[in-house]
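[1] Got a predicted structure plus its sequence, pasted below:
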Amino acid sequence: MEQKPKKPFYKKWWFWVLAVIVIGAIGSGGEDQSQQTQTAQQTPQPAAQPQQNAQPASAPTEAQKTEAPAPAKTYKVGEVVPVEKFTYTVNKVSNQKKIGNDFMNKTTEGTFLVINVSIKNGDKEARMMDTSLFKIKDANGTEYDPFAEGDMYVNKDPLFLSNVNPGLTKKANIVFELPTDAKGLQLEVNSGVGTAAGKTELINLGK
C-alpha cells in the first residue's frame, strides 16, 4: 500500500502555535529591557557631596598683617624740632593788632600772629631760609601762608631769601594774618626751600 507523503513541519499547526509563543516572549523581554534603560536614565543622580577634609584658610602671618602707622608727633613751644638738615625752635608766640613802628606800620581787622623762631643749618653747605618754610594750620584743617610784607615790619635783619652757612642759627619773627576766631593753631615747619622742601613737622602753639 502506497504511503502518503508527510507534510513539512512548518505546515503543521503545532509549529505555528510554538512560533507565536516564542515571538511573544522575545518581544516582552525587549520591552522590559527598554523600560529598565529609561528608568535608569530618568533616576536623578545624587549631588556631589562637598569634601569633608577641606583645609580651613590659614591665618595671616605677622608679615602679612598691616600695622597702623604711628601718629605724627606734635612738638611744643620751646622744644627742638629736627626736620632733615634744619633744626627749629619756637621761642615766643604773640597776637598783635599792629606791627611795625611809629613811622612804618601795618594794622589788621583780624590778628597778626607773630612767632619768634630759631632755625639752625645742620647741613655741610650753605642753605637758603625764607618765610616759605612756614605755614599755619587750624583745628578745621584750614591752612594760612605767612604775611609776606610782615618780614620788613618785624625783623631788623629780614629772613627773606637769607643764605645761612653750615652750623649757624638764624633768629627771626614770622608773621601770619589770621581771623580772630582761628583756634587750635599749629605751625608747620619744612625741610627746605624749593627742591629741598617736602619733609614737615608740626609745633602746637597753644592757641
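    Right, received. Where do you want to start? Remember, it's a predicted structure, so these values are computed and weren't measured experimentally.
[2] which residues of the protein score low on pLDDT?
    Across the chain, the ranges flagged by pLDDT under 70 are 1-20, 22, 24-71.
[3] 90 instead, please
    1-74, 101-104, 148-149, 151, 156-162, 194-196, 207 (pLDDT under 90).
[4] any idea where the helices of it begin and end?
    Applying DSSP state H to the chain gives helices spanning 13-42, 150-154.
[5] measure D130 to L161 for me?
    5 Å (CB to CB, to the nearest Å). No exception for glycine: its C-beta is placed from N, CA and C like everyone else's.
[6] T180 too?
    31 Å.
[7] now do L133
    Going from L133 to L161 by CB to CB gives 11 Å.
[8] In terms of neighbours, single out the busier of these two.
    Remark: of L133 and L161, L133 carries more neighbours, 24 against 11, as counted by other CB atoms under 10 Å.
[9] was I right about that one contacting V193?
    Yes: using CB atoms under 8 Å, L133 is in contact with V193, at 6.6 Å.
[10] buried set for stretch 169-178?
    Using 16 or more other CB atoms under 10 Å as the test for burial, stretch 169-178 gives 170, 172-178.
[11] How about stretch 97-109?
    Residues of stretch 97-109 classed as buried by neighbour count (16+ other CB under 10 Å): 99-100, 106, 108.
[12] Export those residues as a markdown table, with columns for distance to P146.
    As requested, the buried residues of stretch 97-109 are exported to a markdown table (distance: CB to CB, whole Å):
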| residue | distance to P146 |
| --- | --- |
| I99 | 12 |
| G100 | 16 |
| K106 | 13 |
| T108 | 14 |
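[13] Fine by me, thanks again.
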